[in-house]
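Got a sequence here, can you build the structure:
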Amino acid sequence: MVGTGLVKRILIDTGADSNILFRNVFDAMGLKESNLKSHQHGVMGLGDNYIKPDGTISLPICLGTGDTKRSIMANFVVLRDSTAYNIILGKKTINEFSAIICTKFLTMKFITDKGAIGSIRGDLEAAVACDNATLSLRKESMKQLVCSWQTWTNLPHKLKGPLMEIVRANGDLFAWTPSDMLGLDPEVMSHRLSIKLDAKPVAQRRRKMSQEKADEVAKQTAGLLEVGFIKELEYSTWLSNVVLVKKASGR
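Okay, here's the model as predicted:
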């Protein structure tokens, strides 16, 4: 039970941070816009594109029935997207249920309100159907993405020209070079390598590159050094060769 209704086709996703409630279910529950709270962050959609949510809402969730039920309140991000599922439950809510999942038997066990062990089981045919439908939707979404890119690149000049003028007129909104991106706080985004303490560093043999590539590496490195994105360090036993990849534009 979610809110006041019985909801089927729920994806239990241990890799998702948030719970997702899709708009069609939101409307079917009779919920109103006034029930929503604002949500500032975008969410990755089915087509690997960012979608702005309609908002967030807090709803009660009840697993099981009778003496083997467990009820909690959970926050949902309301999203407009095409998907085979009605709701996605993320890891935070799964942990609040103290749930253990067995994908082989499509079973989830959890601690009930009375401290016992409750369980719910998924339907294999429904799970396979949802999985196939999701794959089909993703393929269709990727086709649309490719078509939209081709449409942009093949736009007639009378349409492309005004769009380019809009981009140029609002050039200050875009980061064109590394120097335009000063002030990125590591608390907002950072990348770390998780390396075992007993791992032995491996030194790659230095590979030579053409003068053209060497000049490009020097240029890119100088730009990153200038704005403080990177700094020089010396490693005697750890070295990785620079790899250059040509973009679709030919650069």
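
how about the helices of this structure, start to end?
Here the chain has its helices, by DSSP state H, at 23-28, 91-96, 124-153, 157-169, 211-226.

Mind putting these into a markdown table with mean pLDDT?
A markdown table is the format used below for those (pLDDT from 0 to 100):
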| stretch | mean pLDDT |
| --- | --- |
| helix 23-28 | 89 |
| helix 91-96 | 91 |
| helix 124-153 | 71 |
| helix 157-169 | 79 |
| helix 211-226 | 89 |
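
Could you double-check that Ala133 sits in contact with Ala84?
Yes. Assessed by C-beta atoms under 8 Å, Ala133 is found in contact with Ala84 at 3.7 Å. Using the backbone N, CA and C atoms, a C-beta is placed for each residue, glycine as well.

And the strands in the chain, which stretches?
Using DSSP state E, the strands of the chain run over 10-12, 19-22, 43-44, 50-51, 55-63, 70-79, 87-89, 100-102, 107-111, 117-121.

Of those strands, give the one that comes closest to Ala248.
strand 50-51 (21.0 Å; C-beta to C-beta).

Determine how far the last residue of stretch 229-246 lies from the first.
Taking C-alpha to C-alpha, to the nearest Å, stretch 229-246 runs 22 Å from one end to the other.

tell me the domain ranges of the protein?
10-127, 195-251 (automatic domain parsing).

how long is the shortest one from one end to the other?
Counting by C-alpha to C-alpha, the length from the leading to the trailing residue of domain 195-251 is 33 Å.

and that domain, how far from the chain's centre?
Offset of domain 195-251 from its chain centre (C-alpha atoms, centre = their mean, to the nearest Å): 28 Å.
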